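K.L.:
Here is the input, now give the coordinates:
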Amino acid sequence: MLLSFGASEPAAQVDVGLDVDKAWAAASTPIGSPLFEKSPASGAFDAFIAEGLGDQTWDQVRIEQRMIVRIAPRMPGSMLAPPPDPRFSGPPQPPRFFERKADKCLPIASIAGVQIESQDRLLLITRNRKMIGASLDKSCRARDFYSGFYVDRSEDGRLCAGRDTIHSRAGANCAITKMRELVPDDD
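P.N.:
Numbering: from 1, shown residues only. Below is the predicted model:
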């Protein structure tokens, strides 16, 4: 792109008596290239480009990556209730759950979906069909996360209570205070 500008002089003088390979090499080598030690072309713009590209000092370059993971909502009841048994005529009763202590952290890749459980709590559904209740900070409402949430992927790839913040599509930011596993009650 820099060499496509029209210059007042041709890039190289080619002698007709040379063979084709030498003529091609002479015509394709630009004058003032930082790769070759030749004097810059006579134009002010050409001198500016040659001076800038000819500098052999290097600056530090930092490449950073940021990955944001989106957790989509699940349809209510799609993973909670078993299909109704046609032998029973009564309406199906929703399953009952009790809470038990869970790890403080959960791998983000294992979360398959989310749905609202209560006013200040989300239900995280994992790929291995576990349900984790995630309590939100006091100032947060679970209904802000009706369309799922975003979370910045941490170095360890886990969503941790007390450490990570989730973001809704509407702009709400909430910290997760604790996580509990919900286990079906076998009464």
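
K.L.:
In stretch 144-163, which residues are buried?
P.N.:
By neighbour count, and taking 16 or more other C-beta atoms under 10 Å as the criterion, the buried residues in stretch 144-163 are D144, F145, G148, F149, V151, R153, R158, L159, A161. C-beta here means a position set from N, CA and C on the backbone, and glycine is covered the same way.

K.L.:
Which parts of this protein are strands?
P.N.:
Taking DSSP state E to define them, one finds strands in the chain at 68-71, 97-101, 105-107, 111-118, 121-126, 131-136, 149-152, 158-160, 165-167, 173-184.

K.L.:
Taking their axis directions, the second one and strand 173-184 sit at what angle?
P.N.:
For strand 97-101 against strand 173-184, the angle by axes from the mean of the first three to the mean of the last three C-alpha atoms, to 10 degrees is 120 degrees.

K.L.:
Could you tell me which ranges of this protein sit under the pLDDT cut-off?
P.N.:
Across the chain, the ranges flagged by pLDDT under 70 are 1-43, 49-50, 52-59, 75-92, 187.

K.L.:
how about the helices in it?
P.N.:
20-28, 44-54 (DSSP state H).

K.L.:
What about the residue nearest to D156 when sequence neighbours are not counted, how many residues nearby?
P.N.:
Ranked by C-beta to C-beta, 6 or more residues apart in numbering and with sequence neighbours excluded, the top spatial neighbour of D156 is C105, at 7.7 Å. Around C105 there are 17 other residues, counting by other C-beta atoms under 10 Å.

K.L.:
With V114 instead?
P.N.:
Here the number of neighbours of V114 (other C-beta under 10 Å) works out to 23.

K.L.:
who's it bridged to?
P.N.:
Judged by DSSP bridges, the bridge partners of V114 are P73, L124.

K.L.:
Does it touch A72 like I think?
P.N.:
Yes - the pair V114 and A72 passes the contact test of C-beta atoms under 8 Å, sitting 7.5 Å apart.

K.L.:
list residues touching both of these two?
P.N.:
The contact sets of V114 and A72 overlap at G148 (C-beta atoms under 8 Å, 6 or more residues apart in numbering).

K.L.:
picking up where we left off before, Q60 is nearest to which of the strands of the chain?
P.N.:
Closest of the strands of the chain to Q60 is strand 149-152, at 24.7 Å (criterion: C-beta to C-beta).
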